[in-house]
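**Q** everything below, folded, please.
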Amino acid sequence: MSDPITCIECGGPLLEERVELGYRYCTRPECQAPHHRGTVVTAIGNNKSADTLIVADPEEIARRGEAGEFARKDTGVGLDYRSGGAVSRSRPTRRPGPAGGHALAPVPSPRWSADQDKVVRLYHDMGLIPSQIVERARRNNPRLGLTERRVVQILSAPPRR
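**A** Presented below is the predicted three-dimensional model:
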């Protein structure tokens with residue numbers, strides 16, 4: 001039988017299973033205290049989101065950081081995004097318009113009167129929803145002939161100047 005392996009702290013006998021696991025000290029609190037490393041929790045900051053928490057020893061964190069695992073990820077869309085170094089300030093190329101005329105179609109005039117526009121926006125500014133606007137307009141201004149569809153069209157369009 002071989003000599004029993006002793007604890008490096010107290011000199012007492014060390015259990016064989018602890019030796020197999022690679023420990024050189026026994027399970028007494030006073031022998032474990034100098035060798036206790038504890039859990040290391042590292043917070044990795046992320047842009048516009050919560051931190052990522054990683055439980056690992058400092059050597060592993062350092063190794064993963066050097067490997068670039070915690071580096072900023074480029075989430076740009078496009079094949080040549082960020083290639084070429086400097087930001088290009090050139091004007092976009094114009095596509096040819098339709099053959100035989102103007103590139104843009106004329107903007108159609110609104111299909112409602114200035115009075116309809118004024119009343120709808122007034123009631124909307126008061127906090128009324130389209131169905132309430134129609135109800136109140138029918139009661140107070142029946143000649144306008146507002147429908148809920150027309151009210152939504154008016155509110156969806158930019159205000160008249």
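
**Q** domain assignment for this structure?
**A** Domain assignment of the chain by automatic domain parsing yields the ranges 1-36, 37-71, 114-156.

**Q** format those as CSV; extra columns: mean neighbour count.
**A** The C-beta positions use only the backbone N, C-alpha and C, and glycine is treated the same way. Below are the domains of the chain laid out as CSV (neighbours: other C-beta atoms under 10 Å):
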stretch, mean neighbour count
domain 1-36, 12
domain 37-71, 11
domain 114-156, 15
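
**Q** in CSV: those domains, plus mean pLDDT.
**A** Below are the domains of the chain laid out as CSV (pLDDT from 0 to 100):
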stretch, mean pLDDT
domain 1-36, 86
domain 37-71, 77
domain 114-156, 91
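
**Q** name the nearest residue to Ile133, sequence neighbours excluded.
**A** Tyr123 (4.4 Å; C-beta to C-beta, 6 or more residues apart in numbering).

**Q** now do His124
**A** Nearest non-adjacent residue to His124 (C-beta to C-beta, 6+ apart): Leu155, at 5.9 Å.
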